[in-house]
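Asks: sequence first, predicted coordinates after that:
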There are 2 protein chains.
Amino acid sequence: MTQFPKTEQNRIKRLPKRGHYDRETIYRILDEALICHVGFAENNQPYVIPINFARMDDTIVLHGAKASRLLKHIEDGNPVCVEATIVDGLVLARSVFHSSINYRSVVLFGAGQIIKDENEKMAALEAITEHLIPGRWSEARLPNRKEMNATSVVSIQIEQASAKIRSGPPGDDEADYALPIWAGVLPLQETASRPIRDELMTQEIPAPKYVAKYSRKK
Amino acid sequence: MTQFPKTEQNRIKRLPKRGHYDRETIYRILDEALICHVGFAENNQPYVIPINFARMDDTIVLHGAKASRLLKHIEDGNPVCVEATIVDGLVLARSVFHSSINYRSVVLFGAGQIIKDENEKMAALEAITEHLIPGRWSEARLPNRKEMNATSVVSIQIEQASAKIRSGPPGDDEADYALPIWAGVLPLQETASRPIRDELMTQEIPAPKYVAKYSRKK
């Protein structure tokens, strides 16, 4: 199944033509987004926490300290919502009303569980590291027993998901096109600048290519 | 009162030294962040929606179509959580365990209400436009009666809030400093590239300075 079914929960109600339900579109956005925003509720009080993550097949994996409230909540199998958004630009229409943002966002729903198996846990940590900066896992000092014991890793099954995408130029009211107002798109992107070497490095090591040439684009 | 009190809800439990509760720090992050992520719950099912916004004094204002589920939920006075995060860089420690992200995030809690007064509603729309792109409001074609009627604007009183900030170089275990691994910070920032003029512009108008020189930094 490459499409997620449309349900009351994931269906894009506002501007439905911007909605996408296919795994390819949804997963590409998740894989490019740097961080995600995890929502959970306790007694109907909502919480949203920013966190780094990775997608592994049809799951989202998160890690954190054993004592983390968020992770405990997910371990207990409570419903969670994961959102990730990439902003691509500001859309300057002639009218305020039609001004907008070009973006690609995903909202997904699922429930989680703790990953106990040591190999699976290590694989999830590798995915999270490689999601942030591909190439780093094979070079960094890997987690030891003590660090593994201090870390919780959870896996959230993606049960429902949808993407919402806006792209392209502004769409103004017919009468507004004649107005003497600049209109267009201002592209925005997350860019890396020159790596800052840790002053406590004891050896002369150049920044690896995966650092010096870093880009979120796939 | 310039500090938000620490409560069970907003207190930073993990790595408390990264926590900040003063309005100045919290509001500077909110004002620099491009978008926010709004969490709400229905029958304990969490939802997180990305949306543009503005801060006006001790409130967050949001706008959208009248029929929006999110806005209706907020209008009804239900509890909401608003989160905004600016990523400043990747922190490459020698160990995976100490690798991290430099970021500035805010999580706040409050309840909302609809803005009915026409002047207040217009002021909120101005704040939202100017939050995205300062200078645009005085140049764009402002909302007319029909557009105002189609738009809902809500205001969320910031009742509790905290910021969490990580900055600076990696902190590794003592024994790891001797490892032959590049360590440091890769700075990341949201940058604008060359404005793309709408092909449907009927006049030769250069991109205004607030577009050509756009930056999120204050």
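Replies: Cool, the structure landed. From a predicted model like this one, the values you see are computed outputs, not experimental measurements.
Asks: partner residues bridging A:G19?
Replies: Taking DSSP bridges as the rule, A:G19 bridges to A:K164.
Asks: bridged to A:V106, which residues?
Replies: Beta-bridge partners, per DSSP bridges, of A:V106: A:A84, A:A163.
Asks: residues contacting it?
Replies: By Cβ atoms under 8 Å, 6 or more residues apart in numbering or on different chains, A:V106 lies in contact with A:I26, A:I29, A:L30, A:A33, A:V82, A:E83, A:A84, A:T85, A:A161, A:S162, A:A163, A:K164. Glycine gets a C-beta too; all of them are placed from N, C-alpha and C.
Asks: grab the nearest non-local neighbour of A:Q45.
Replies: Spatial nearest neighbour of A:Q45, chain neighbours left out: B:P79 (5.4 Å); criterion: Cβ to Cβ, 6 or more residues apart in numbering or on different chains.
Asks: pull the number of nearby residues for A:T25.
Replies: By the criterion of other Cβ atoms under 10 Å in any protein chain shown, A:T25 has 17 neighbours.
Asks: so what's it closest to, chain neighbours aside?
Replies: Nearest non-adjacent residue to A:T25, counting by Cβ to Cβ, 6+ apart: A:A163, 5.1 Å away.
Asks: residue contacts, the residue nearest to A:Q45?
Replies: So B:P79 contacts A:N44, A:Q45, A:P46, B:F40, B:A41, B:F109, B:G110, B:A111 (Cβ under 8 Å, 6+ apart).
Asks: now list the buried members of these.
Replies: Burial by neighbour count, 16 or more other Cβ atoms under 10 Å in any protein chain shown: within those this picks out A:Q45, A:P46, B:F40, B:A41, B:F109, B:G110.
Asks: wait, A:E42 touches A:H73, no?
Replies: Yes - contact status for A:E42 versus A:H73: in contact at 7.3 Å, counting by Cβ atoms under 8 Å.
Asks: the helices in chain A, which residues?
Replies: A:23-32, A:69-75, A:118-132, A:145-150, A:209-212 (DSSP state H).
Asks: what comes into contact with the second one?
Replies: In other words, helix A:69-75. Contacts of helix A:69-75 with the rest of the structure, by Cβ under 8 Å, 6+ apart, involve A:38, A:40, A:42, A:47, A:49, A:51, A:62-65, A:80, A:111-114, A:152, A:154, A:156, B:13.
Asks: do that again at 6 Å, thanks
Replies: Applying Cβ atoms under 6 Å, 6 or more residues apart in numbering or on different chains, the contact partners of helix A:69-75 are A:F40, A:I49, A:G64, A:V80, A:G112, A:I114, A:S152, A:V154.
Asks: the third one: neighbour count?
Replies: Just to be clear, that refers to A:G64. With other Cβ under 10 Å as criterion, A:G64 counts 19.
Asks: so which of the contacts of helix A:69-75 are also by chain B?
Replies: By Cβ under 6 Å from any Cβ of the partner chain, the members of these lying near chain B are A:F40.
Asks: what subset of the contacts of helix A:69-75 is buried?
Replies: A:F40, A:I49, A:G64, A:V80, A:G112, A:S152, A:V154.
Asks: of all these, which comes closest to chain B?
Replies: A:F40 (5.2 Å; Cβ to the nearest Cβ).
Asks: confidence score at the most far-flung residue of chain A relative to its centre?
Replies: Here chain A reaches farthest from its C-alpha mean at A:A178, the gap being 39.7 Å by Cα atoms, centre = their mean. Here the pLDDT value assigned to A:A178 is 95.
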